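> Give me coordinates for this.
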Amino acid sequence: MHRTIRRTAALLALAALPALSACSNGAGEVAKIQPAKVVKIEGTDTQRVELTERAAQRIGIETTTVKTATGPQAGHTVVPYAAMIYDADGQASVYTNPAPLSFVRKSITVSTIEGDSVYLIDGPPAGTTVVTVGTAELFGTETGIGEFE
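Just a heads-up that it's a prediction; the model follows:
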């Protein structure tokens, strides 16, 4: 009985070797999958964060659209408070989602904050998709905060 178990375990280990070697870069090293990359947008000072589908799932990225304010705030656009992030200099921003798994930080100018709503004087236009969950992770990825070397 023990020989059968050992033999089966040895066969399974041998069967796994080709799959493991497929993860190698040819020099015997395991290829490292990059869950995100930061790409400079040509002709601008702006960068784009590109995530793998798995990275976006792990972060739990959620989005909504910028709305046009009504009532006393008419003339402004509005985003959820969760979409806003501040940099070290106090500049407020949101992350737009111009393409699947692609995120670009856009500066905003806040008029007022009421509850969970941020009314904007300047920022992305109504209808623009913005991130509401995962903003801090995108900011850290873009700026290199939390990187270990």
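
> how far away is the residue nearest to residue 108 when sequence neighbours are not counted from residue 77?
Of all residues not flanking residue 108 in the chain, residue 123 sits nearest, at 3.6 Å (CB to CB, 6 or more residues apart in numbering). All C-beta atoms are positioned from the backbone trio N, CA, C, and that covers glycine. Residue 123 sits 6 Å away from residue 77 when distances are taken as CB to CB, to the nearest Å.

> Of all the residues in the longest strand belonging to the chain, which ones are buried?
Of all segments of type strand in the chain, defined using DSSP state E, the longest is strand 92-99. Of the residues in strand 92-99, 92, 93, 94, 95, 96, 97 count as buried by neighbour count, 16 or more other CB atoms under 10 Å.

> domain ranges for the protein?
1-31, 33-143 (automatic domain parsing).

> Can you measure across the last one, start residue to end residue?
This means domain 33-143. 20 Å (CA to CA, to the nearest Å).

> For it, what is the distance to the chain centroid?
Centroid separation for domain 33-143 versus its chain: 10 Å, with CA atoms, centre = their mean, to the nearest Å.
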